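Undergrad: show me how the following folds:
(2 chains)
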Amino acid sequence: MLAFFHLQYSKMDKRVSSSEAALKGVQDSMTIMLGGFGLCGIPENCIAALVKLGVTNLTCISNNAGVDDFGLGLLLQHRQIKKMISSYVGENDEFERQMLSGELEVDLIPQGSLAARCYAGGAGIPAFYTPAGYGTEVASMKEVRYFNGKPHLLEEALTADFAIVKAWKGDWHGNLVYKGTARNFNPPMAMAGKITIAEVEELVAPGELDPNYIHTPGIFVQRIFQGEKYEKRIEQRTVRSKS
Amino acid sequence: MLDKNGIAKRIAQELENGWYVNLGIGIPTLIANHVPPGINVTFQSENGILGMGPFPYDGEEDADLINAGKQTITALPGSSIFDSATSFAMIRGQHIQLTVLGAMEISQSGDIANWKIPGKMVKGMGGAMDLVASAENIIVAMTHTNKHGKSKLLKKCTLPLTGVSCVKRVVTNLALIDITKDGFKLIERAPGVSVEQIKESTEGNLIVQGEIPEMDI
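TA: Numbers count the residues shown, from 1 in each chain, chains lettered A, B, ... in the order given. Okay, here's the model as predicted:
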């Protein structure tokens, strides 16, 4: 019995050596989910590694598209993205240029629907009804059904070949803890990848994280590594003076 | 006439003790500065925080703590942080008592347009469609006319819609107006503004019944 447990335990080591190693198997034309809201909680190291890898024709599912010179903006700069599925893409001139010229396909969807579609993809719920977007251009081609007298749209789940998330701390099993509002889209997206990669600021041995405070259970994560470098850029620095 | 802070202050008078409130970007954000004394409300930001506090002191900003406008913020004692799916469960599940957001146009039937100008602005809807589709109590905060002087209170919206038949009340630089089944119903005038001025600036059907009081702010 003890030997059995020992065997299971050793198989749970999901560590990989680097961002480059984490991306093994990522190919042209794949669908990739990336966590983050604005530049907060984005997998910086894996984005840099995707640029280096040079894969193209990607479909990226991410709430935002970064800024011109950081985040997903870097993949746009190198023309690696064919299609973006997002809810808000302001703050990025290159994005706007590629979209208006038709180089980039864009599917804009309501933020709550985006989060729920990722969660649904990971939770085995193929589709669900939501009132968001009824009566707008988002509703075109979507089934409408009334519940309690109110119209709802049928929204389908999203999954990805790879989901890439960023956490504060993680252990070898892939258990993750996020910090502050850097949590955002990372937990639902972590659930929805065929392969989920987690990059963390601090990678610790199993047992060091309190199981009561795990945000993403390791079952959803296949690969984990400590990010090589974190810039953690701030998009809108707003402060008050101490007077 | 009200300035942006005046609009925010008038809407802040609507807040009730114990409410959870979601404030959109722009004028709505200013409401947090005008919460009346003795009223306790909790501000939600849809990227995933309840109990959002003021901006941090210079030098104390944290890249991991922002609001939905991507501004650095603080978290008040007793705040909570959650993922985006949970955040929109709060919104969709109608656990939020008040949503205040800006608009480019509203119609007399309560439609709102605030996310897209075809061929010009293509930034996306963010969380606005989820918010307006589910909130029971939506107040719009905006100027009465656009920068070309054209009315933003219309019979029918001309821009792509964010939601239909959802806005209950609008506070502008000129007036406080409720959306009823018969159209825009004038409730209060901004200080120093006449009913005539409000009529002239409203393209949609404006209902004026009896004496219209001036706002008390």
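
Undergrad: could you confirm residue A:114 falls within a strand?
TA: No - membership of residue A:114 in a strand is not supported by DSSP: H, G, I helix; E, B strand; the rest coil, which gives helix.

Undergrad: that one against residue A:64, yeah?
TA: No - Residue A:114 is beyond contact range of residue A:64, at 10.6 Å (criterion: C-beta atoms under 8 Å). C-beta here means a position set from N, CA and C on the backbone, and glycine is covered the same way.

Undergrad: what do these two both touch?
TA: A:86, A:87 (C-beta atoms under 8 Å, 6 or more residues apart in numbering or on different chains).

Undergrad: per-residue confidence for the residue in chain A that chain B sits nearest to?
TA: The minimum distance from chain A to chain B, using C-beta to the nearest C-beta, falls at residue A:112 (3.0 Å). For residue A:112, the pLDDT comes out at 98.

Undergrad: which residues touch residue 71?
TA: Went with chain A since none was named. Counting by C-beta under 8 Å, 6+ apart, residue A:71 has contacts A:36, A:39, A:42, A:44, A:47, A:64, A:65.

Undergrad: chain B was what I was after
TA: Counted by C-beta under 8 Å, 6+ apart, residue B:71 has contacts A:236, A:238, B:55.

Undergrad: do the same with residue B:117
TA: Contacts of residue B:117 by C-beta under 8 Å, 6+ apart are B:104, B:159.

Undergrad: got the phi and psi for it?
TA: Dihedral pair for residue B:117: phi -120, psi 110, per degrees, to the nearest 10.

Undergrad: what do you get for residue A:75?
TA: According to degrees, to the nearest 10, residue A:75 has phi -70, psi -30.

Undergrad: can you report how many residues neighbour it?
TA: Residues lying near residue A:75 (other C-beta atoms under 10 Å in any protein chain shown) number 24.

Undergrad: which residues touch it?
TA: Counted by C-beta under 8 Å, 6+ apart, residue A:75 has contacts A:47, A:50, A:51, A:58, A:60, A:66, A:81.

Undergrad: out of those, which are buried?
TA: A:47, A:50, A:58, A:60, A:66, A:81 (16 or more other C-beta atoms under 10 Å in any protein chain shown).

Undergrad: quick check, nearest of those residues to residue A:167?
TA: Distance to residue A:167, by C-beta to C-beta, is smallest for residue A:47 among the buried ones among the contacts of residue A:75, at 15.2 Å.

Undergrad: would stretch B:40-57 count as contacting chain A?
TA: Yes - contact of stretch B:40-57 with chain A (C-beta under 8 Å from any C-beta of the partner chain) involves B:45, B:46, B:47, B:48, B:49, B:54, B:55, B:56, B:57.

Undergrad: ok, which stretches of chain B are helices?
TA: Ranges of helices within chain B are B:4-12, B:27-30, B:84-92, B:128-134, B:195-200, based on DSSP state H.

Undergrad: make CSV from those and add distance to chain A and mean pLDDT to it.
TA: What follows is those, written out as CSV (distance: least, C-beta to the nearest C-beta, whole Å; pLDDT from 0 to 100):
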stretch, distance to chain A, mean pLDDT
helix B:4-12, 16, 97
helix B:27-30, 10, 93
helix B:84-92, 3, 98
helix B:128-134, 3, 97
helix B:195-200, 28, 98
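
Undergrad: out of those, which is the most enclosed?
TA: Between the helices of chain B, helix B:128-134 has the highest mean count of neighbours, a mean of 28, where neighbours are mean count of other C-beta atoms under 10 Å in any protein chain shown.

Undergrad: if we can go back for a sec, out of the contacts of residue A:75, which sit inside strands?
TA: Among the contacts of residue A:75, the members found in strands (DSSP state E) are A:58, A:60, A:81.

Undergrad: my guess is the last one contacts residue A:73, does it?
TA: No - counting by C-beta under 8 Å, residue A:73 is not a contact partner of residue A:81; they are 10.1 Å apart.

Undergrad: relative to residue A:221, which of the ones in strands among the contacts of residue A:75 is nearest.
TA: residue A:60 (19.6 Å).

Undergrad: buried ones in stretch A:43-62, by neighbour count?
TA: For stretch A:43-62, by 16+ other C-beta under 10 Å, it's A:43-50, A:53, A:55, A:58-62.

Undergrad: for residue A:157, what are its contacts?
TA: Applying C-beta under 8 Å, 6+ apart, the residues near residue A:157 are A:117, A:118, A:120, A:121, A:125, A:126, A:127, A:128, A:192.

Undergrad: which parts of chain A are helices?
TA: Using DSSP H, helices in chain A cover A:2-11, A:19-22, A:44-53, A:73-77, A:93-100, A:111-123, A:186-191.

Undergrad: which residues of chain A score low on pLDDT?
TA: A:1-11 (pLDDT under 70).

Undergrad: and the strands in it, which stretches?
TA: Using DSSP E, strands in chain A cover A:31-34, A:58-61, A:81-86, A:105-108, A:127-130, A:144-147, A:150-156, A:160-171, A:176-177, A:193-204, A:223-226.

Undergrad: in a markdown table, list those along with distance to residue B:99.
TA: Converted to a markdown table, those look like this (distance: least, C-beta to C-beta, whole Å):
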| stretch | distance to residue B:99 |
| --- | --- |
| strand A:31-34 | 28 |
| strand A:58-61 | 26 |
| strand A:81-86 | 22 |
| strand A:105-108 | 20 |
| strand A:127-130 | 16 |
| strand A:144-147 | 21 |
| strand A:150-156 | 16 |
| strand A:160-171 | 29 |
| strand A:176-177 | 31 |
| strand A:193-204 | 32 |
| strand A:223-226 | 38 |
